[in-house]
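> Following is a predicted model, sequence given first.
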Amino acid sequence: MSTFDTDHDVLEPRDVLLGRTTHVRRLLPHKVRRTVGAWCFLDHYGPDDIKEVGGMWVPPHPHTGLQTVTWLFEGLGRHTDSLGSDQLIRPGQLNVMTAGHGICHAEVSPEDAPRLLHGVQLWVALPDEHRDSAPADFTHLAELPSFAEDGVRVTVMVGSLAGHASPAPAYSPLVGAELRMEPGASVTLPVEAGFEHAVLAVDHPLEVAGAPLERHRLVHLPERSATLTVGAPEGGIALLLGGEPFQEQLVMWWNFIGRSHEEVVEMREAWNGSGVDDVPERFGQVAGFDGPRLLAPPLPNTRLKAR
């Protein structure tokens, strides 16, 4: 086996139904790779024709101990939450919701959304010192730092890259960036040698660190090099994620991130309460949503384990 094959995990997605209509390709957590830095969740969806399959429709649901990071390649989305936020998001813009002790939100496609929807939903695990804090004010960034090099347009979503820093809130050392690449383009980026990284081939095959990567696949690269080369023989979009390896053990179940089985049980009880019509004190409610909130499913018969 080559050095690339032995040192780099290529992750294949699994199909998951999200809400009523949206099928996503889930890449994190994965059986061979749970996190990339503090990035602990990655759903890639679309391009979907929402006039045929229905748009995004995810009823109010809770989160704890994490940040949600929403990024669109095409389309239009709407976020509402229990802090009163009501925000549209378009390609090239960033939505960040910091859940802390507990928050709930809904995600839908507005009535005037364009036909195609294509994007990623990401989670960032909050470190122990921040995970139980009060939910933070919602962050929407309509403009982000970007730069062009060798037929590649790089937009820095989170953290910093090549001297360009995003103002998005982060609670651990992270980087997230979109690369829009012309056919045949290749770029070598300076990256933090102490970070681990991952690259998603969004819509076309890529070459990452000299090896091919099929579309819709995510390759993990352990911390080692101070540069990373990404090429796009056919052009297309790459998503770069990275961060310091996250050392804390996480218990992830449904939409909750805790540190023990007992914590997750407590979170589920706080959300489900007596049914869909009550307002859970810990999470609040999304005002004005037309429909019931989404209750948590039954817990498994075995104890949840930290990973």
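On my side now, so go ahead.
> list the buried ones in stretch 53-66?
Neighbour-count burial for stretch 53-66 flags 55-66 (criterion: 16 or more other C-beta atoms under 10 Å). Every residue, glycine included, has its C-beta placed from N, CA and C.
> chain center to stretch 151-167: distance?
How far stretch 151-167 lies from its chain's middle: 17 Å, per C-alpha atoms, centre = their mean, to the nearest Å.
> and the helix ranked longest in the chain, C-alpha only, in PDB?
Identified as the longest helix of the chain according to DSSP state H is helix 261-272. Output of helix 261-272 as PDB, limited to C-alpha atoms (Å, rounded to 0.1, in the frame of the first residue of the first chain):
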ATOM      1  CA  HIS A 261     -25.000   8.300  29.100                       C
ATOM      2  CA  GLU A 262     -26.800  10.000  32.000                       C
ATOM      3  CA  GLU A 263     -26.300  13.500  30.500                       C
ATOM      4  CA  VAL A 264     -28.000  12.400  27.300                       C
ATOM      5  CA  VAL A 265     -30.900  10.800  29.100                       C
ATOM      6  CA  GLU A 266     -31.400  14.000  31.000                       C
ATOM      7  CA  MET A 267     -31.300  16.000  27.800                       C
ATOM      8  CA  ARG A 268     -33.800  13.800  26.100                       C
ATOM      9  CA  GLU A 269     -36.200  14.000  29.100                       C
ATOM     10  CA  ALA A 270     -35.900  17.800  29.200                       C
ATOM     11  CA  TRP A 271     -36.800  18.000  25.500                       C
ATOM     12  CA  ASN A 272     -39.600  15.300  25.300                       C
END
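> Which two of the buried residues of stretch 53-66 have the greatest separation?
Spatial extent of these (C-beta to C-beta) is set by the pair 55 and 65 at 28.5 Å.
> which strands and helices sit next to the longest helix of the chain?
strand 251-253, strand 256-258 (3 or more C-beta pairs under 8 Å, 6 or more residues apart in numbering; DSSP states H and E).
> and among those strands, the most buried is which?
When those are scored by mean count of other C-beta atoms under 10 Å, the highest mean neighbour count falls to strand 256-258 (a mean of 23).
> what about that one, distance to the chain center?
In terms of C-alpha atoms, centre = their mean, the centre of strand 256-258 is found 15 Å from the chain centre.
> Show the average pLDDT along it.
For strand 256-258, mean pLDDT rounds to 98.
> again, but for stretch 193-203
On average, the pLDDT along stretch 193-203 is 96.
> contact partners of that stretch?
Applying C-beta atoms under 8 Å, 6 or more residues apart in numbering, the external contacts of stretch 193-203 come out as 27, 33, 36-37, 39, 42, 44, 73, 120, 173, 175, 191, 206, 208, 213-226, 228, 230, 236-245.
> Pull out the buried members of the residues you listed.
Neighbour-count burial (16+ other C-beta under 10 Å) applied to the contacts of stretch 193-203 gives 27, 33, 36-37, 39, 42, 44, 73, 120, 173, 175, 191, 206, 208, 213, 216-221, 223, 228, 230, 236-243.
> which stretches of this structure have low pLDDT?
Along the chain, segments meeting pLDDT under 70 span 1-7, 19-20.
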